[in-house]
Structure formats: C-alpha cells, structure tokens
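# the following block contains a protein sequence and its predicted model.
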There are 2 protein chains.
Amino acid sequence: MASVSPGQLSPPAATRTGSTREELLIAAERVFARHGFAGASLDEVAEQVGIRRPSLLHHFRSKRELYDAVERRIFEELNAHLTGLEAEGAPFERLMTLLNQWLTFMVERPTAARIILRNSSDLISRPADPVEFSWRTVETFVRLVEEGIAAGAFRPIKPVVALNILGSAVLSFVCNADQFGHRRRYDATGRAERAEFESALRRAAWGVLAPA
Amino acid sequence: MASVSPGQLSPPAATRTGSTREELLIAAERVFARHGFAGASLDEVAEQVGIRRPSLLHHFRSKRELYDAVERRIFEELNAHLTGLEAEGAPFERLMTLLNQWLTFMVERPTAARIILRNSSDLISRPADPVEFSWRTVETFVRLVEEGIAAGAFRPIKPVVALNILGSAVLSFVCNADQFGHRRRYDATGRAERAEFESALRRAAWGVLAPA
C-alpha cells in the first residue's frame, strides 16, 4: 500500500475548486430565488459557503456572471431531466409528459421555479436576450405543439398562447403554496395536491389544444 | 371679481402635497415593477418626480411604506374596475367576466401585472401576510368558483387550483410579451393577440371547471 502524504488527504486543488464552485452555485440559486437579481448580495452567497466575497469573485467575476451560471445550470438540468418526448405516441400525451416532467422538476426544486417565474416579471434579469438560457425549453414546448397541429391533433394556435397558460400554471402551483394566505396554504409536494393540480392542468391543456 | 393674491395662483399646500404623493405612487409603481422591492431605489423614485429623497421620505417614511402604498393602490383600483359580478347569470359567464376584467386591467397597466406576478416569485415582497392587499381579489375569484360548485355548474375543485391556472395565465400573457425572444414577441395590447388569448383562456377555464 502506497504511503499517503498529508497533502493527499485533501482532494487535489482542482477538485476543491470545482466543489467550491458547485457549492457557490447551489447557495447562489437559493439567494437569487429569495431576493432576485437586484436584491441578492454576493456577501450572503459567499457567507453560506463559508468563504469571503473576494474568494467568490475568484470563481465568478461579477454578480451577472454568477446569475448567468445559475440560470444556465437550471435549464441544463431541466432539459437533462426530460425523457420519452421523442417516442411515438399521441401528441397530447407527449405534451402532458413534458408538462408533468416540468412539474416534477419544479416541485423538487422550488428555487428554480422562483427564478424562472421572476424572469417573467423582471425586465432586468436578462435584458439583452430573455431566452439566452431558456430557449431550448421554450422550443421543446413549441415543437410539440406544432407537431400536434401538423398531425391534426391540436387546433391551430400560437404555441406561446398555450405556453402562457400551461407553463405558467406549473410555476405558479409551485411558487404560490404560501402566497394565498394562511387559510389557503397548500403543500405543493403533497401527493393529493399534486394529483388534483395535474388533473386540472390536463383538462386545461385539452381545452386549449383540442381541435375545434 | 375678488382680487387674487399671489399665493392663490398655486394650489393650496394640502393639494400640492396630495399631488406629489400621487406622482410618487405612479413613479414608484414603475420603479418597483422594473426592479422589484429589493432592487428599487428611492433616489430613482424621487428623481422621477423631480424631488430629492428626503422630500420623498416626508411622504413615505420607508421603502416598505411606499411599496405597501403602491400595492394597496393597485388592488383598490383593480377591485374598483370590476362590474357585473353580482348580476344573475351562469356561473361560468360570471367567472369569465371577472377574468376578462382582470385581463383588461393588466393589459392597460403592465406595471401592476409585474408587481403582482413578482409577489408569486418573491418570498420577501410581503413576508408577514402575502394577501394583505390582494385578499379581496383572491376572495372574489374563490367566491365565484364556490358558487358555481354549489350550483352544480362546476366540478368540485379547490378554487386555488383554478386560480393558479387561470389567474396566472392573465399575468403571464401581459408580462411575457417580450420574454420568449425576438422571434416569439407579441403585442399584448393588440386586438387579435388578445382575442386569441381570451378564447384559449375561456377553453382552459371550461376544461378546468366543467362538471365531470
């Protein structure tokens, strides 16, 4: 057995750097979800990881760079989470598969839901190109709607009209659990709550898309 | 004709104060819509009205007090804008009347739509009581759904499930006009765009609420 020098008890520097970067992204997602781009403090992000702001700036040169990395990571992981959309099958079932996978992702990661929803309300989060990181997510939805229209399974409709109703509903279900006040609070991770929402979302989708 | 002293050429002090207060609320709604609670600058609000921050603080003692006044005003004016909801009529038509009046209000006042939508994504806008100012708006929707259920016109459904799908759609339609990128931009104030959205929203509502 090779002798272990003290230095080897710690991971190599590159790995440590990678791990700190990952921890920073996780902390930043939490802080941006809570405070938004403008309100987020780099000091708070650094503090949550147990480092100081100058060390954070070694990994991400600015708040904008950190925010971009957080949003890029959210959409990459959302897209990686999708399966079964290329399979043959009724267009409506494929669209519901997509919506339900979005729902699962957002329920498990409400910080992502808050950041994406805030992109709708904020004009400042991504002023140059609002779909810089979300474009693939938007295009996946649009493609499924367009394929359904081409197959005669859906009525002709602008895909973004359906996206504004159905995609926003997923985000709102996750984000609004505490937002209607104590009496109307619900648990977005609860099995029964999710089942009722999923069923209503399916009926809404059929209403929006079914051929006239 | 009574002689007019120089002082009377200006409105009385009380009126001038009232008007500055109103101008501050209008400017603040614009600034909060753009930057959110945390990101908004009182200097920017004051500057837009042509006064300085200390004068602003004479009217509103803190950013929180100003934000509260903006949100209270939005929901008061939204509620004042509603008509015809007490009339006899099919529950579904009354609910669509409500949704279409919300839509008209938000299309004409996208700053309000942004502020309300951001209340969904932000945990910090209104931490103590999220429905402090919006409760009447929420309760109006809930009452119409509950009356429809009681009349057998709607299926039994938790009203907030319908609100998450239908209310959020209204806000998203207004807020997302530029958020899907250049190629998918639309004009939320356009007659054809609104008609297509309104029709899809009606079909979504019927899907969500129609008896099984």
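Arrived safely.
# which residue ranges make up each domain of chain A?
A:12-71, A:81-212 (automatic domain parsing).
# now the ones you listed in JSON lines, with mean pLDDT and distance to B:Pro159?
Glycine gets a C-beta too; all of them are placed from N, C-alpha and C. Below are those laid out as JSON lines (pLDDT from 0 to 100; distance: least, C-beta to C-beta, whole Å):
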{"stretch": "domain A:12-71", "mean pLDDT": "90", "distance to B:Pro159": "27"}
{"stretch": "domain A:81-212", "mean pLDDT": "93", "distance to B:Pro159": "8"}
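# can I get those in CSV including mean neighbour count?
Putting those into CSV (neighbours: other C-beta atoms under 10 Å in any protein chain shown) gives the following:
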stretch, mean neighbour count
domain A:12-71, 17
domain A:81-212, 18
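# okay, those in CSV with distance to B:Leu42 next?
Putting these into CSV (distance: least, C-beta to C-beta, whole Å) gives the following:
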stretch, distance to B:Leu42
domain A:12-71, 14
domain A:81-212, 17
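# for the nearest residue to A:Ala151 once chain neighbours are set aside, give its distance to A:Val49.
Once flanking residues are discounted, A:Ala151 sits nearest to A:Pro91: 5.6 Å by C-beta to C-beta, 6 or more residues apart in numbering or on different chains. To A:Val49, A:Pro91 is 45 Å away according to C-beta to C-beta, to the nearest Å.
# likewise A:Ser55?
Distance from A:Ser55 to A:Val49, by C-beta to C-beta: 9 Å.
# what touches both of the two?
A:Thr20 (C-beta atoms under 8 Å, 6 or more residues apart in numbering or on different chains).
# what's A:Phe92 in contact with, if anything?
A:Phe92 touches A:148, A:153-154, A:205-206, A:209, counting by C-beta under 8 Å, 6+ apart.
# relative to chain B, how far out is it?
Going from A:Phe92 to chain B by C-beta to the nearest C-beta, to the nearest Å gives 12 Å.
# A:Val107 too?
13 Å.
# am I right that that residue is in contact with A:Ala177?
No - applying C-beta atoms under 8 Å, one finds A:Val107 not in contact with A:Ala177, separated by 9.8 Å.
# ramachandran coordinates for the closest residue to A:Gly181 other than its chain neighbours?
Of all residues not flanking A:Gly181 in the chain, B:Val131 sits nearest, at 3.9 Å (C-beta to C-beta, 6+ apart). Torsion angles at B:Val131 (phi, psi; degrees, to the nearest 10) stand at phi -100, psi 20.
# residues contacting B:Val131?
Applying C-beta under 8 Å, 6+ apart, the residues contacting B:Val131 are A:179-181, B:138.
# can you check A:Asp178 too?
Per C-beta under 8 Å, 6+ apart, neighbours of A:Asp178: A:185, B:130.
# give the helix, strand or coil label for it.
coil (DSSP: H, G, I helix; E, B strand; the rest coil).
# mind telling me what element the residue most central in space within chain A is part of?
In chain A, the centroid-proximal residue (C-alpha atoms, centre = their mean) is A:Ala112; its distance is 4.0 Å. Taking DSSP states H and E as the definition, one finds A:Ala112 inside helix A:110-121.
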